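[1] Need coordinates for the below:
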Amino acid sequence: MAIIHRSSDPLSRIHPEPPPKIDHFDHLPDSILLLVFNKIGDVKSLGRCCVVSKRFHSLIPQVENVVVRVDCVISDDDDDDSSSSSSSSSLSSDKSRSVSSPFSAIFRLIFKPLQALGHFLNSTKCSSSPSSSLSISGGEDGEIEHGGVTHHSPTQVLKNFDEIRFLRIELPSGELGIDDGVLLKWRAEFGSTLENCVILGASSVIQDSSSSVDLTTSNNNNVVVEDNGSIPESFYTNGGLKLRVVWTISSLIAASARHYLLQPIIAEHKTLDSLVLTDTDGQGVLCMNRDQLEELRVKPLSASSASKRTLVPALNMRLWYAPTLELPDGTVLKGATLVAIRPSESKNEVCDVSWVSSAFDEKPYGVAAKMLVKRRTYCLEMNSF
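    Modelled structure (predicted):
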């Protein structure tokens with residue numbers, strides 16, 4: 001007599017259970033995952049990856065390429081008495097101000113540097129589980145309450161990264177408030193002090209060259225003056241030189257303030273090979289390579305007594321000027337100016353222009369620098385400040 005076994009669940013024969021899902025990440029070696037995380041770079045995204053699993057949590061601190069994008073900037077003025085008129089000031093409002101008033105602009109720029117470079121991660125705290133190493137618990141150093149939102153310093157955000165080699169920090173905007181249409185860009189390198197700085201400026205930028213005067217400039221009496229490579233007399237009498245001095249001092253102050261703020265990060269992360277502090281406007285770039293980073297660790301910087309920034313040493317400068325500079329793509333720079341700066345005690349000659357012409361990679365500004373260094377050179381000096 002045949003015995004028939006009947007399933008207790010007839011539906012299981014019609015709808016069998018699917019095989020368990022395979023997590024393909026589990027089959028990838030750690031080295032491949034680290035390549036992916038290094039491509040991500042962004043510290044917020046890495047923070048989110050960190051809470052996905054224990055494995056991700058253990059790998060994130062080994063990431064070598066990190067990008068910190070700052071959401072907002074808090075100045076010391078924002079922490080003063082709310083009744084004070086200065087408490088409502090911010091870098092965003094400074095952006096609308098002009099540097100056409102030279103001396104007031106200089107004093108505005110000698111501000112106390114920022115207590116916190118940015119607001120990172122979400123304001124909601126993560127749990128204290130092992131998968132939340134990038135979270136910042138309340139009351140720790142580097143945390144500032146401002147307007148009901150918690151802000152964190154880059155030092156605090158980066159503290160759990162152990163293997164950073166390439167670090168890029170991006171501010172939400174440049175520090176220098178300039179008029180619309182005015183061009184002002186700078187690039188500086190630091191060790192324990194300023195090593196070099198290149199500044200490119202123009203009083204106006206015209207995209208359509210058809211409306212511009214071909215390599216000529218006009219004075220207030222509409223008298224056309226040919227550009228023979230020399231700086232015209234009007235440059236000294238109409239405030240042109242004074243404005244360029246303001247641009248130079250302002251750029252150096254911005255660069256030295258950024259450098260000062262990087263000290264704790266450089267001291268803590270000894271694996272760094274490259275550090276770049278820039279802004280989304282592309283106004284200024286501060287760069288440090290491995291040798292320069294090590295120099296700062298061995299030889300502490302000299303701080304300015306006026307504010308929290310690195311002391312700018314005595315300088316030798318070279319200036320190139322063109323009343324009108326027409327670029328190959330049709331862009332025209334009015335009052336184009338290029339300034340190359342090195343410390344007076346530098347072993348490298350500032351007259352060597354190879355490093356100057358290659359300071360700006362972005363088109364058309366790199367082309368403008370290469371064109372300007374072919375013009376007549378003017379020498380200037382500046383005392384330490």
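[2] Can you list the low-confidence ranges for the stretch 151-300 of the chain?
    151-152, 208-229 (pLDDT under 70).
[3] Helices along the stretch 151-300 of the chain, start to end?
    Under the criterion DSSP state H, counting those that start in this stretch, the stretch 151-300 of the chain contains helices at 154-158, 234-237, 240-261, 263-268, 290-298.
[4] okay if I get the ones you listed as CSV plus mean neighbour count and distance to residue 204?
    Where you see a C-beta, it was placed from the backbone N, CA and C, and this is true even at glycine. Shown next, in CSV, are those (neighbours: other C-beta atoms under 10 Å; distance: least, C-beta to C-beta, whole Å):
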stretch, mean neighbour count, distance to residue 204
helix 154-158, 21, 35
helix 234-237, 14, 15
helix 240-261, 22, 12
helix 263-268, 17, 37
helix 290-298, 15, 35
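[5] just so I know, which of those lies nearest residue 370?
    For residue 370, the closest of the helices of the stretch 151-300 of the chain is helix 240-261, at 19.7 Å, according to C-beta to C-beta.
[6] Dump the closest one to CSV, restricted to CA.
    Below are the C-alpha coordinates for helix 240-261, written out as CSV (Å, rounded to 0.1, in the frame of the first residue of the first chain):
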residue,chain,number,x,y,z
GLY,A,240,44.1,102.7,-9.9
LEU,A,241,47.3,102.0,-8.0
LYS,A,242,45.6,102.5,-4.6
LEU,A,243,42.9,100.0,-5.5
ARG,A,244,45.5,97.4,-6.5
VAL,A,245,47.3,97.9,-3.2
VAL,A,246,44.0,97.2,-1.5
TRP,A,247,43.4,94.1,-3.6
THR,A,248,46.9,92.9,-2.6
ILE,A,249,46.6,93.5,1.1
SER,A,250,43.1,92.1,1.2
SER,A,251,44.1,88.9,-0.6
LEU,A,252,47.2,88.4,1.7
ILE,A,253,45.0,88.9,4.8
ALA,A,254,42.5,86.4,3.6
ALA,A,255,45.2,83.9,2.8
SER,A,256,47.0,84.3,6.1
ALA,A,257,43.7,84.0,8.1
ARG,A,258,43.0,80.7,6.3
HIS,A,259,46.5,79.5,7.0
TYR,A,260,46.1,80.3,10.7
LEU,A,261,42.9,78.2,11.0
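[7] Residue 379 is nearest to which of the helices of the stretch 151-300 of the chain?
    helix 240-261 (13.6 Å).
[8] That closest one vs helix 290-298, what angle?
    For helix 240-261 against helix 290-298, the angle between stretch directions is 70 degrees (axes from the mean of the first three to the mean of the last three C-alpha atoms, to 10 degrees).
[9] what packs against helix 240-261?
    Contacts defined by 3 or more C-beta pairs under 8 Å, 6 or more residues apart in numbering; DSSP states H and E place helix 240-261 against helix 102-109, strand 183-190, strand 194-202, strand 284-289, strand 315-326, strand 332-343.
[10] quick revisit: residue 353 is nearest to which of the helices of the stretch 151-300 of the chain?
    helix 240-261 (17.3 Å).
[11] quick one: the closest one to strand 194-202, angle?
    Using the same axes, to 10 degrees: helix 240-261 against strand 194-202 is 140 degrees.
[12] residues of stretch 325-343 that come out buried?
    Across stretch 325-343, burial judged by 16 or more other C-beta atoms under 10 Å covers 325-327, 331-343.
[13] need the helices of the stretch 151-300 of the chain in a markdown table with distance to residue 34, can you?
    Putting those into a markdown table (distance: least, C-beta to C-beta, whole Å) gives the following:
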| stretch | distance to residue 34 |
| --- | --- |
| helix 154-158 | 17 |
| helix 234-237 | 55 |
| helix 240-261 | 29 |
| helix 263-268 | 21 |
| helix 290-298 | 21 |
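[14] ok, of the buried residues of stretch 325-343, which one's closest to residue 235?
    Of those, the one sitting nearest to residue 235 (C-beta to C-beta) turns out to be residue 335, at 8.3 Å.
[15] wait, what's in contact with the closest one?
    Residue 335 is in contact with 201-204, 240, 321, 323, counting by C-beta atoms under 8 Å, 6 or more residues apart in numbering.
[16] In a markdown table, list the residues you listed along with distance to residue 298.
    Listed next are those as a markdown table, based on distance: C-beta to C-beta, whole Å:
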| residue | distance to residue 298 |
| --- | --- |
| 201 | 35 |
| 202 | 39 |
| 203 | 42 |
| 204 | 45 |
| 240 | 42 |
| 321 | 39 |
| 323 | 46 |
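[17] Please produce a ChimeraX select command covering the buried subset of these.
    Command for ChimeraX that selects the buried part of the contacts of residue 335, burial taken from 16+ other C-beta under 10 Å:
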select :201,202,203,240,321,323
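[18] Which two among the contacts of residue 335 are spaced furthest apart?
    204 and 321, at 14.5 Å, using C-beta to C-beta across those.
[19] so where's the stretch 1-150 of the chain uncertain?
    Using pLDDT under 70, the stretch 1-150 of the chain drops low at 1-16, 73-150.
[20] The same query, at a cut-off of 90, please.
    The stretch 1-150 of the chain contains residues with pLDDT under 90 at 1-28, 44, 47, 50-53, 69-150.
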